[in-house]
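Peer 1: What follows is a predicted structure for the sequence shown.
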2 protein chains.
Amino acid sequence: MARRNVYLKDIPLEEAWRRFEEALAQAGLDRPFSGEEVPLPEALGRVTAAPVWARISSPHFHAAAMDGYALRARDTAGATETRPVRLALVSPDDAPQEAPARSPDHPTPSSLPPAQPVNTGQPLPPWADAVVMIEHVQHLDAQGEPLTSDEGAAFIEIRAAVAPWQHVRPVGEDMVVTELVLPANHRLRPVDLGAIAGCGHTTVLVRRKPRVAIIPTGNELVPAGTEPRPGQVIEYNSLVLAAQVTEWGGEATRWPIVPDDEAVIRRAVLEAARDHDLVLVNAGSSAGSRDYTARVVASLGQLLVHGIAVRPGHPVILGTIALPEEDTEPARTVPIIGVPGYPASAALTGEIFVQPLLARWLGQPPPRKPSLQATITRKVLSPMGDEEYLRVAVGRVGDRVVAAPLARGAGVITSLVRADGIVRIPRFSEGLNAGDPVTVELYVPPDTVERTIVAIGSHDLSLDLLAQHLAERSPGLRLSSANAGSLGGLIALRRGECHLAGSHLLDPESGEYNWPYVRRYLPDLPVVLVTLVRREQGLIVAPGNPLGITGLADLARPEVRFVNRQRGAGTRVLLDYHLERLGIAPEQVRGYRREEITHLAVAVAVASGVADCGLGIRAAAQALGLDFVPVAWERYDLVIPRTFYEEARAGGLLAPLLDLLHDDRFRQAIAALPGYDPTPMGEEPTAQAG
Amino acid sequence: MARRNVYLKDIPLEEAWRRFEEALAQAGLDRPFSGEEVPLPEALGRVTAAPVWARISSPHFHAAAMDGYALRARDTAGATETRPVRLALVSPDDAPQEAPARSPDHPTPSSLPPAQPVNTGQPLPPWADAVVMIEHVQHLDAQGEPLTSDEGAAFIEIRAAVAPWQHVRPVGEDMVVTELVLPANHRLRPVDLGAIAGCGHTTVLVRRKPRVAIIPTGNELVPAGTEPRPGQVIEYNSLVLAAQVTEWGGEATRWPIVPDDEAVIRRAVLEAARDHDLVLVNAGSSAGSRDYTARVVASLGQLLVHGIAVRPGHPVILGTIALPEEDTEPARTVPIIGVPGYPASAALTGEIFVQPLLARWLGQPPPRKPSLQATITRKVLSPMGDEEYLRVAVGRVGDRVVAAPLARGAGVITSLVRADGIVRIPRFSEGLNAGDPVTVELYVPPDTVERTIVAIGSHDLSLDLLAQHLAERSPGLRLSSANAGSLGGLIALRRGECHLAGSHLLDPESGEYNWPYVRRYLPDLPVVLVTLVRREQGLIVAPGNPLGITGLADLARPEVRFVNRQRGAGTRVLLDYHLERLGIAPEQVRGYRREEITHLAVAVAVASGVADCGLGIRAAAQALGLDFVPVAWERYDLVIPRTFYEEARAGGLLAPLLDLLHDDRFRQAIAALPGYDPTPMGEEPTAQAG
């Protein structure tokens, strides 16, 4: 069980692709798959493998385009309001092949030119070359008396000449037999299916769906639905990869979890390769003691790449499996990708390698996301040797599109869930400075960016509820909320990076909330404060409060291990305010320097025994089944630049959000949270004389 | 069987929607559907019906983020290259709960601080608070001698201090229990499924799929797969509507074709309403003698709207069916839409009415297509009273995006197949002038527009083959080809509306092809001519050539009915050239004024007996099983502005197209067409001294 003390050999992405493509080309796997015939009702979203040519014309006969009467245009020449032309109605059965010569002066059925009733879509009689609409004729009875409907009509009168081929759909108006209807490599949409059926087909030749096997490996993995013990991890990468494959037009097979056993993995890979076009092994692609994927690939075929200079994603394996000739099958090469185990890495490896490969096999162009230009909100240091796929949240604030970097850890799948797009930081770049222009490749439609309310500041559970109620009441409108602490929110407002900031900053001198900080940090930005909630802060302690903590004074006890919030957080300001009143110096508080950035993280620290207590909201304690020692009620406001506030009054972006603050259902949802008081919601506290 | 001589009462689209929405609101059908629990592997693309909250944290234990050794950060304080810190390796079994005090001067296992091997993802021992990477340590054996791997190691040495929580993924790094992971009304993507599984769920509550019944009605309809007789129409609207419903997140049921019988239609509608959320009846929504839909709706519920001022689409019916209370079911209202029968109308009615309704029921925002600004290429007269949905082809030519109007007939499904988008011409507008700026709502991704080669001019079969080979060889690159005749192509080039024009214009004076016209029509635009093919023109005649036509001289025979091409077509120029040489005046040719705009349309006119002959290419005659009397071989060139030609030489948009002209497979495909000669393909004929 030796662990090799070696780096993976990371090569640049382009070089990795080049090697992979070369191997695919050698095996003839670099081109679109052949076709299979599928019935039209099952062909939606499939890709044509050959052009579709019209087998019959549509229409395949000259057809009436209106309800009315078929006639010969030349019989109506000279018709006017004052000198109408009269035609004799004939039924399809007794209609002449060639109508008799025109003789308007003798208005008997036999001597008048013919007109035959036709409905839309019916064939034109062979002698006719035009249609007059039923609304444009006067019906007459056999005695020549006017009628109000066509019932009992024997003649019609026409008061304007009819042009040849008027209201006729000629043969082939839509499609002419032998014509190209659709090219190859076309993804079939609903109207395409109609056109293919309309020109005489019942099936269509489409590219075979690439079959992709996904093999999750790892002793630590347990299937979803299992309550994981410490050290166990719920296996969901195969779920994500399978859904990606489905979305990209392939057919995925998920293997059951395979233990870290080289022989077992090898067997699974071989079995998968036999009836799949691509094998994904997740993970074991690194260089740890239980990372067998590279060895398995090398033993079954060719290990082309082990390690790519991409973040997240590093330990990617690219290779091929060589299947020997067998009774039933010829020798065959099957590409294999070792997908890293971290979920963000796994999903991005899917996008970077699997998606383009499937596109190639389906005859589709390489996938391209829509992109837009944005301004990055924070400094980002990037590892020099790697190309980084930085996940960002994107929104338009005023006349700027801002991109806020999200968590960068490869283990954080929510960074992809919350991402509106990706910023690629190339190799040999040191990173980005706040305010740098960047290109964002979007996961969302570009107009989503225009319908995003960007909140940066102190995070609160009520913001989650606000986001949820907004999504329900105003589908398509999003509240994107980033946690930067109360002070961080005011700074983001100053930089024009958000529409609003959640803030609960207590001024130690005046005891006033938020306004003193607004005056200090936003002297030049007119803002409105709108109260969201009052909420209860207190000490989160272990169940049963084993250390008997009764208040902040206990933080001075040497055995009490505290967990703090980050600088700039309103809760940190609250703590410092109270510590000063109590005369307790920060150095006296054990753990004062251990910082967490959310209430829930503080509660987690207490729940996991890393700390004995931390200052936070009651709801966080209750969420984790912890006890709570109340300290104070505080006001939590939304700080909104006056321009956005006034746009909202005129129905602008923030209007539905401000409306929600007066919505009873939303107030009730807030009131149901422990330690929350919605009474002042929607009030607009003004600054005290300062 | 009286046919009512009445107009439909067309009301504006907004008013129709208002009435429909009001009725839906009264029935409580204006809000998102409730949820159903589905397993995560089946939830891709579904829409959350409730927020997803984390049931467990992820990770749910402090986990090593790297392969390496778990240790206490404070044990490594002061480690440097010259003064490394030595730690004793312990196994998980004998690891202390609290490690012994540090004692670096006595390097025995018992007195040294501990380090425990951990692999990525494994839990940290309770006493540890950091991880050092395996690559960053020196392994030593029991005697303190350096090793090259970890095999047999008893100690490790560290040469730099390790920061607390380095390479540790703390509990909840990704998701903290009780945290909001996804809001309601969110369409689930692959990574979302991973996040939901990762925070402890195996299912997700998603909006129930709206069930839509589609009932095709009409005596003229036959199912796909039937060889239609004159008057019969292949039923494919239900295929298109069902595919639309599927694409928009619903579940479609296609009824078998129902005859035009009011009682039978009523029965089908009632049956469909019982277990569907929406009924579509196609068609019978007009006011003809067999149009029963309005009466059926009125008799079963409420006829809200009959006729909407939209083109194409006019005869739309909106209504509700009232289902009485029954043993098994409460009273219920089911919306019903009468969908017009013409295929383009039917598909657009789906987009205008069905898609927004399904979006509403799924809690999604009203559908919005991406849009862009373009310049319309032709004058478009629009009916004053209607809102028109003009289908357009879109491409970028130089620095302009041009939108070319496509066929406007409601019966032309290929106008939607070929459409890149829709231009809405509002009511009370008279239409558009060539060069007007328009907003195009796109069916295609915006970047498709950048990868479209726009060809306007004479149409030729070889252009279809070119499009097909391009789509195969350069996935994502499109050749959009509009037929405007050779002269129309030159004029489009002059207006900057296309990248190239197919042209076969014979100069009567010099006998030279194309260059004299280029000099006359494009005096200021430098162009290159590239030959595509030589092809054979002749007289297309009925099988067996019953009139014994031997050449153009026979057109002067009074009994011979000719069908002509439009003015500006190269074939028309060829005809006029030869007629003049033969001394035949246009007035002598019967049918000289009957114009068709393609070779195939000319062949269709001959095949259907409307004309006895027409001038066209051999392939068109052969496609329809007609006979052919050769007249001349002619050169068909591509006229390309020099700027585009030179960009292509540098790898620009047209490069793959020009490459194809030297591709053997493409040449062979052309050679296989009757009456085609690829020999001069790719040559660049220069102008004769003129």
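Peer 2: That came through, no problem.

Peer 1: Which helix or strand contains residue A:580?
Peer 2: Assigned by DSSP states H and E, residue A:580 belongs to helix A:570-582.

Peer 1: is the helix or strand following that helix anywhere near chain B?
Peer 2: Moving toward the C-terminus from helix A:570-582, the next helix or strand (DSSP H and E) is strand A:595-596. No. Using C-beta under 8 Å from any C-beta of the partner chain, strand A:595-596 stays clear of chain B, with a minimum separation of 8.7 Å. The way it works is simple: take the backbone N, C-alpha and C, and place the C-beta from them, glycine included.

Peer 1: starting at the chain centroid, how far to strand A:595-596?
Peer 2: Centre-to-centre, strand A:595-596 and its host chain are 32 Å apart (C-alpha atoms, centre = their mean, to the nearest Å).

Peer 1: Report the buried residues of the helix holding residue A:580.
Peer 2: By neighbour count on 16 or more other C-beta atoms under 10 Å in any protein chain shown, the buried set for helix A:570-582 is A:570, A:571, A:572, A:573, A:574, A:575, A:576, A:577, A:578, A:579.

Peer 1: Looking at the residues you listed, which is nearest chain B?
Peer 2: Comparing the buried residues of helix A:570-582 against chain B with C-beta to the nearest C-beta places residue A:571 closest, at 16.0 Å.

Peer 1: Which residues are in contact with residue A:675?
Peer 2: A:535, A:536, A:538, A:617, A:618, A:619, A:622, A:628 (C-beta atoms under 8 Å, 6 or more residues apart in numbering or on different chains).

Peer 1: just residue A:223 next, same as before
Peer 2: A:234, A:235, A:256, A:257.

Peer 1: Tell me the buried residues within the residues you listed.
Peer 2: A:234, A:235, A:257.

Peer 1: and chain B, which of those residues contact it?
Peer 2: Answer for the buried ones among the contacts of residue A:223 near chain B (C-beta under 8 Å from any C-beta): residue A:234.

Peer 1: got the buried ones among the contacts of residue A:223 as a markdown table, with pLDDT and secondary structure columns?
Peer 2: Formatted as a markdown table, these follow (pLDDT from 0 to 100; DSSP: H, G, I helix; E, B strand; the rest coil):
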| residue | pLDDT | secondary structure |
| --- | --- | --- |
| A:234 | 95 | strand |
| A:235 | 97 | strand |
| A:257 | 97 | coil |
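
Peer 1: so where do the helices sit in the stretch 251-400 of chain A?
Peer 2: A:262-274, A:293-300, A:343-349, A:355-361 (DSSP state H, counting those that start in this stretch).

Peer 1: again with the stretch 1-150 of chain A
Peer 2: Counting by DSSP H, counting those that start in this stretch, the helices of the stretch 1-150 of chain A are A:13-26.

Peer 1: Can you name the residues of it that neighbour chain B?
Peer 2: So the stretch 1-150 of chain A meets chain B at A:2-7, A:32, A:40-41, A:44-45, A:51, A:56-62, A:65, A:67, A:117, A:119-123, A:126, A:134-135, A:139, A:148-150 (C-beta under 8 Å from any C-beta).

Peer 1: what about burial for these, which qualify?
Peer 2: A:3-5, A:32, A:40-41, A:44, A:51, A:56-62, A:65, A:67, A:117, A:119-123, A:134, A:139, A:150.

Peer 1: Where does the stretch 251-400 of chain A get nearest to chain B, residue-wise?
Peer 2: Closest point on the stretch 251-400 of chain A to chain B, by C-beta to the nearest C-beta, is residue A:365, at 2.5 Å.

Peer 1: For the contacts of residue A:223, which two are the farthest from each other?
Peer 2: A:234 and A:256 (14.3 Å; C-beta to C-beta).

Peer 1: what residues are up against residue A:306?
Peer 2: Shown in contact with residue A:306 (C-beta under 8 Å, 6+ apart): A:8, A:9, A:285, A:294, A:315, A:317, A:338.

Peer 1: mind listing which of those residues are in strands?
Peer 2: Those of those mapping onto strands are A:317, A:338, per DSSP state E.

Peer 1: So which residue is smack in the middle of chain A?
Peer 2: residue A:444 (5.0 Å; C-alpha atoms, centre = their mean).

Peer 1: okay, and for chain A, where does confidence drop off?
Peer 2: Residue ranges of chain A with pLDDT under 70: A:1-8, A:93-110, A:287-289, A:689-690.

Peer 1: Go through the contacts of residue A:675 and say which is closest to residue B:266.
Peer 2: Checking those one by one against residue B:266 (C-beta to C-beta), the nearest turns out to be residue A:619, at 57.0 Å.

Peer 1: For residue A:36, which residues count as its bridge partners?
Peer 2: Beta bridges link residue A:36 to residue A:206 when assigned by DSSP bridges.

Peer 1: To what extent is it buried, counted in neighbours?
Peer 2: For residue A:36, the neighbour count with other C-beta atoms under 10 Å in any protein chain shown is 14.

Peer 1: Next, the closest residue to the residue of the stretch 251-400 of chain A closest to chain B other than its chain neighbours: secondary structure please.
Peer 2: Distances taken as C-beta to C-beta, 6 or more residues apart in numbering or on different chains put residue B:476 closest to residue A:365, at 2.5 Å, once the chain neighbours are dropped. Look at residue B:476: counting by DSSP: H, G, I helix; E, B strand; the rest coil, its state is coil.

Peer 1: wait, what's in contact with the closest residue in space to residue A:391 that isn't next to it in sequence?
Peer 2: Counting by C-beta to C-beta, 6+ apart, the nearest residue to residue A:391 once its immediate chain neighbours are dropped is residue A:419, at 3.9 Å. Going by C-beta under 8 Å, 6+ apart, residue A:419 touches A:391, A:392, A:393, A:406, A:443.
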